[in-house]
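**Student:** build me a model from this:
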Amino acid sequence: MQDKSTPYEGLGNQLILRDRLAADRTILSNERTFLAYIRTALTLFIAGLSFVHFEILGSSIIDGTICAIFVVLSIATFLVGLVRYKRMQVRTREIKREELKQLKKGTS
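**Tutor:** Numbering: from 1, shown residues only. Down below sits the predicted model:
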């Protein structure tokens, strides 16, 4: 495995509360972004269903096609958000794991 440098490399026990809070803010912002993706996906889904339910354009074929496009876009939006959330979650866990390893080395 390659050694990845972290922003905390060489600091040892000098991490302060501000640094730890910054990591927590990163985690929370990742969750907030994921919730925004979910909100957008639900909005697209509901917009698509409204085309079929209210027959906005008058033609059931066109309304059905637009509904299908919106539903596919909503699913794609959700999946993109999920993938980005999981990637960032893995990255933050790796950084925290490296940070803990460095802290343990500094106290030994």
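
**Student:** use CA for all of it now, contacts and neighbours both
**Tutor:** Noted.

**Student:** so the residue nearest the centre of the chain versus residue 79, what's the distance?
**Tutor:** Central residue of the chain (Cα atoms, centre = their mean): residue 85, 2.7 Å from the mean position. With distances taken as Cα to Cα, to the nearest Å, residue 85 is found 10 Å from residue 79.

**Student:** and residue 63, how far from residue 40?
**Tutor:** 20 Å.

**Student:** more neighbours: which of these two?
**Tutor:** Remark: of residue 63 and residue 40, residue 63 carries more neighbours, 21 against 17, as counted by other Cα atoms under 10 Å.

**Student:** other SSEs contacting the particular helix or strand that has that one in it?
**Tutor:** Applying DSSP states H and E as the criterion places residue 63 in helix 60-107. The contact analysis (3 or more Cα pairs under 8 Å, 6 or more residues apart in numbering; DSSP states H and E) places helix 60-107 against helix 17-54.

**Student:** starting at the chain centroid, how far to stretch 16-30?
**Tutor:** 16 Å (Cα atoms, centre = their mean, to the nearest Å).

**Student:** return the alpha-carbon coordinates of it using CSV.
**Tutor:** This file holds the C-alpha atoms of stretch 16-30, laid out as CSV (Å, rounded to 0.1, in the frame of the first residue of the first chain):
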residue,chain,number,x,y,z
ILE,A,16,-5.8,21.2,18.1
LEU,A,17,-9.5,21.3,18.5
ARG,A,18,-9.9,23.5,15.4
ASP,A,19,-8.4,20.7,13.2
ARG,A,20,-10.7,18.0,14.6
LEU,A,21,-13.7,20.2,14.2
ALA,A,22,-12.7,20.9,10.6
ALA,A,23,-12.8,17.1,9.9
ASP,A,24,-16.2,16.9,11.6
ARG,A,25,-17.5,19.8,9.4
THR,A,26,-16.3,17.9,6.3
ILE,A,27,-18.3,14.9,7.3
LEU,A,28,-21.4,17.0,8.0
SER,A,29,-21.1,18.8,4.7
ASN,A,30,-20.9,15.5,2.9
